[in-house]
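In: the following block contains a protein sequence and its predicted model.
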Amino acid sequence: MKYEPLTFDIPDLEGISADTIENHLALYQGYVKHVNLIRDKIAAYSNDPDNNAFAISEMQRRLGFEFGGMRNHEYYFAQFEGGAKELPDDSLKRKLEEQWGSVENWLTRFKEVAKTRGVGWAMLYHDPHTDQLVQTWVDEQHMGQLADLDIVLALDMWEHSYMRDYVSADKGKYVEAFFKNLNWEVVSGRLV
């Protein structure tokens, strides 16, 4: 089975240009293409595993990066569909308040996670085993993803997400723009 790129109905965003979104979507489509390509190559090289062991191993390692890029971006772009909407008064809001004292306290801390030096993602997860929210930094697309937790919020902090609109020193402005445009109903709906 081949993966197909998803389409997203993203309105004009405040502080994130249409040019940035268009180029970012093209990058996402590249991740989907490469996931399929790597899977095909692994299957083909597996016909002669003794002679292709190194190539298979390296492609398998690369698959994690490409697949993470594909899936993380699907979470990211879906959060803009339907335009900006406020955080509903529901279980996500209650959990944020219970764990961090207020939504504002959580948001302040999450924005600091997002400003981590380097390329990667600021993620908010739900741990179904403890019914807790967990936030962390994920290096690149895949290193640091927390096992068996569900992504609730995904904030792409690679330069391609903001460099057409902001210089590196101003990436905090991109983070602010991200939250201005966030459809919290989509995000909150991920908490099952």
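Out: It's in.

In: so where does the residue nearest to the spatial centre of the chain fall, helix or strand?
Out: With distances taken as C-alpha atoms, centre = their mean, Asn72 lies nearest the centre of the chain, 3.3 Å away. Counting by DSSP states H and E, the element that carries Asn72 is helix 49-78.

In: the very next helix or strand once past that helix: which residues count as buried?
Out: The element immediately downstream of helix 49-78 (helix or strand, assigned by DSSP H and E) is helix 91-100. Buried residues in helix 91-100, defined by neighbour count with 16 or more other C-beta atoms under 10 Å: Leu92, Lys93, Lys95, Leu96, Trp100. For the C-beta atoms, the positions are set from N, CA and C on the backbone; glycine is no exception.

In: tilt between the very next helix or strand once past helix 91-100 and helix 91-100?
Out: Tracing the chain C-terminally past helix 91-100 and defining elements by DSSP H and E, one meets helix 103-114 next. Inter-element angle recorded for helix 103-114 and helix 91-100: 80 degrees (by axes from the mean of the first three to the mean of the last three C-alpha atoms, to 10 degrees).

In: and the following helix or strand past helix 103-114, what does it pack onto?
Out: With elements assigned by DSSP H and E, the helix or strand that comes after helix 103-114 is strand 120-127. The contact analysis (3 or more C-beta pairs under 8 Å, 6 or more residues apart in numbering; DSSP states H and E) places strand 120-127 against helix 103-114, strand 132-139, strand 150-156.

In: okay, now the domains of the protein?
Out: Domain assignment for the chain by automatic domain parsing gives 18-78, 91-189.

In: TSV please, covering these and showing distance to Lys2.
Out: Shown next, in TSV, are the domains of the chain (distance: least, C-beta to C-beta, whole Å):
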stretch	distance to Lys2
domain 18-78	5
domain 91-189	20
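
In: pipe these into a markdown table and attach distance to Glu4 and mean pLDDT per row.
Out: Formatted as a markdown table, the domains of the chain follow (distance: least, C-beta to C-beta, whole Å; pLDDT from 0 to 100):
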| stretch | distance to Glu4 | mean pLDDT |
| --- | --- | --- |
| domain 18-78 | 7 | 96 |
| domain 91-189 | 19 | 95 |
